[in-house]
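S.K.: Would you be able to build a 3D model of this:
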Amino acid sequence: MTSIFAHRGAHLRERENTLGAFREAVALGVAGVELDVRRTNDGVLVIHHDPAIDDVPLAHTRARDLPAYVPTLEEAMDALGGVTVNVEIKNSKSANEPTYDDTGAFVREVLDFLHGADVASSVIISCFDLTTCAQVRDDDLEMRVGWLIWDVPLASALTKAHVLGLNAVNPYFSLVSAEAQRQAIGLGLDLNVWTVNEPEDIAAMAALGVASIITDQPARALRLVAKETD
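M.R.: You can find the predicted model right below:
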């Protein structure tokens, strides 16, 4: 059965990527929650999607100077007990990003926290940067890892992910077809699709049997996927 992940928590009534949104998602009964992790300049792992707040990069800000609504990864994981957490590491060479870590230090800090908090078994790590995904796999053979894609051909991405020993490819949903799902199954990979919000798209992805649907509409998706499996 296709699992439902709340994208940045259940954020229709709560601010995205906040403890309120995470608790709301858990209360809905989702299988998982997707969130975004960044590092402050004093090395604290915090949850926020965009690289900056009020034009000030989080990477150049001390954790204590961030708004109160920005949780730490530790606080987020405490709020998300009982569900799987897709931790997207925000590390890319994009012009919009103020920093890029190619040393693996960011990856190791995330892994050290997850293992130290004894929550690694309930986490999937994802990133758009394939080098970052490979670093996770090199450092931790057991951690589940998914490569996020939206402008990469899915067939070649599945092959690369298989060669690197990843567990999943997380594509934008419009890239996915029945043939792609068959290829993923053949390679032993999950397809975790994002961000699927319209009823017809949710139903189509569930009908294909993808591993999980990441959505801004978790309550809607839960109803539709339950209907597909009746």
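S.K.: tell me which helix or strand of the chain sits lowest on mean pLDDT?
M.R.: None of the helices or strands of the chain scores lower by mean pLDDT, DSSP states H and E than helix 218-229, at a mean of 92.
S.K.: Which strands or helices does that one pack on?
M.R.: Counting by 3 or more CB pairs under 8 Å, 6 or more residues apart in numbering; DSSP states H and E, the packing neighbours recorded for helix 218-229 are strand 3-7, helix 19-28, helix 199-208, strand 212-215. In short, each C-beta sits where N, CA and C put it, glycine included.
S.K.: so can I have JSON lines of these showing mean pLDDT, distance to A105 and mean neighbour count?
M.R.: As requested, the helices and strands packed on helix 218-229 are exported to JSON lines (pLDDT from 0 to 100; distance: least, CB to CB, whole Å; neighbours: other CB atoms under 10 Å):
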{"stretch": "strand 3-7", "mean pLDDT": "98", "distance to A105": "27", "mean neighbour count": "27"}
{"stretch": "helix 19-28", "mean pLDDT": "98", "distance to A105": "26", "mean neighbour count": "20"}
{"stretch": "helix 199-208", "mean pLDDT": "98", "distance to A105": "36", "mean neighbour count": "17"}
{"stretch": "strand 212-215", "mean pLDDT": "98", "distance to A105": "27", "mean neighbour count": "28"}
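S.K.: one step back: how far off centre is the least confident helix or strand of the chain?
M.R.: Centre-to-centre, helix 218-229 and its host chain are 20 Å apart (CA atoms, centre = their mean, to the nearest Å).
S.K.: Just want the angle from that helix to helix 19-28.
M.R.: For helix 218-229 against helix 19-28, the angle by axes from the mean of the first three to the mean of the last three CA atoms, to 10 degrees is 20 degrees.
S.K.: what comes into contact with helix 218-229?
M.R.: 1-2, 4-7, 10, 25, 28-30, 196-197, 199, 202-203, 206-207, 213, 215 (CB atoms under 8 Å, 6 or more residues apart in numbering).
S.K.: Got phi/psi on V33?
M.R.: phi -140, psi 140 (degrees, to the nearest 10).
S.K.: ok, how many other residues are close to it?
M.R.: 29 (other CB atoms under 10 Å).
S.K.: again with S122
M.R.: Neighbours of S122 (other CB under 10 Å): 16.
S.K.: With the one 10 residues further on instead?
M.R.: Burial of T132 is recorded as 25 neighbouring residues (other CB under 10 Å).
S.K.: mind checking how far whatever helix or strand I124 lives in is from the chain centre?
M.R.: In the assignment (DSSP states H and E), I124 maps to strand 123-127. Centroid separation for strand 123-127 versus its chain: 5 Å, with CA atoms, centre = their mean.
S.K.: so what's D230 scoring on pLDDT?
M.R.: If you check D230, the pLDDT there is 71.
S.K.: any idea how far it lies from V30?
M.R.: Distance of D230 to V30, computed by CB to CB, to the nearest Å: 19 Å.
S.K.: So for these two, which sits in the more crowded spot?
M.R.: Between D230 and V30, counted using other CB under 10 Å, V30 has the larger neighbour count: 24 against 4.
S.K.: which SS class is that one?
M.R.: At V30 the chain is in coil, as set by DSSP: H, G, I helix; E, B strand; the rest coil.
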